[in-house]
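> A structural model of the following input is requested.
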Amino acid sequence: MYFESLSAMWHMDGHGIYVWLAYALTAIPLALTVWLPIKRIRQHWRWLEAEQRRVAPAASRTVNEAGV
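Residues are numbered from 1 along each chain as shown. Next comes the predicted model:
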């Protein structure tokens, strides 16, 4: 589609609000579909690292007490 200026592209003869809203309502869920699982995986990895740090001192004490 050809427009005279950026303003004309933005307004699209009065239909611009509907077109850009449709783009936004499509792009936002697609972005969330990608971003939320990545965020959750990162949180899970951080939890695992913290759990390993918490458990590591207890595991080393058990080994030391056994005389190994």
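> Distance of the residue nearest in space to the middle of the chain relative to residue 27?
Nearest to the mean C-alpha position of the chain, by C-alpha atoms, centre = their mean, lies residue 35 at 2.4 Å. Using C-beta to C-beta, to the nearest Å, we find residue 35 at a distance of 12 Å from residue 27. For the C-beta atoms, the positions are set from N, CA and C on the backbone; glycine is no exception.
> Mean confidence (pLDDT) on stretch 56-68, please.
What stretch 56-68 shows for mean pLDDT is 66.
> Can you find the helix or strand of the chain with the lowest average pLDDT?
Lowest on mean pLDDT, DSSP states H and E among the helices and strands of the chain sits helix 6-11, with a mean of 88.
> packing partners for the longest helix seen in the chain?
For the chain, the longest helix by residue count, based on DSSP state H, is helix 16-65. Helices and strands touching helix 16-65, by 3 or more C-beta pairs under 8 Å, 6 or more residues apart in numbering; DSSP states H and E, are helix 6-11.
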